[in-house]
Every structure is written in C-alpha cells, then in structure tokens.
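J.: have a look at this fold, sequence not included:
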C-alpha cells in the first residue's frame, strides 16, 4: 500500500515512494519555494511569555 501525502507547498496529492525524489513535495519548484520561505524566515515558532528586556547575554534584566 502506497502512502499519499499533500505537498506542503501546493497541496497536490503525492505518493510517498522512493521514486519521488522531491518527497514530500510534488516537484523541485515546490521544494525551492519552501526553501525560499525558510531563508526569508517566514516559518517561526511563536515565543510565549518572554521578558520584555534582555541583557547582552539574553538573560532577563532584574
């Protein structure tokens, strides 16, 4: 049984097989679009409850 996934960039259904050298993407184009998004820092994990001011070492000011 072949696993089918959605391309993270365009949503096209993609077979997760060794034949697909771009998996989980459907094409090199979608892979490059995703790489560009990483390079532009469009993907980020939001910070929760960070202190507003930090010293030069990244520690909270007291």
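T.: Here it is on my side, so go on. Bear in mind the structure is a predicted one, so any value in this text is a computation, not a measurement.

J.: from residue 43, how far out is residue 8?
T.: 11 Å (Cβ to Cβ, to the nearest Å). Backbone N, C-alpha and C define where each C-beta goes, glycine included.

J.: higher neighbour count, those two?
T.: A direct count of neighbours by other Cβ atoms under 10 Å for residue 8 and residue 43 places residue 8 higher, at 15 against 8.

J.: close enough to count as contact, the more buried one and residue 35?
T.: No: assessed by Cβ atoms under 8 Å, residue 8 is found out of contact with residue 35, at 11.4 Å.

J.: closest to the centroid, which residue in this structure?
T.: residue 43 (5.8 Å; Cα atoms, centre = their mean).

J.: ok now do that residue, which residues does it touch?
T.: Applying Cβ atoms under 8 Å, 6 or more residues apart in numbering, one finds that residue 43 lies in contact with residue 37.

J.: what's the local residue count around the residue nearest to residue 24 when sequence neighbours are not counted?
T.: Distances taken as Cβ to Cβ, 6 or more residues apart in numbering put residue 5 closest to residue 24, at 5.3 Å, once the chain neighbours are dropped. When neighbours are defined as other Cβ under 10 Å, residue 5 has 15 of them.

J.: neighbouring strands - and their directions - for the one helix or strand residue 5 maps to?
T.: Here residue 5, judged by DSSP states H and E, is contained in strand 4-6. Under the criterion DSSP bridges, strand 4-6 sits next to strand 13-15 (antiparallel) in its sheet.
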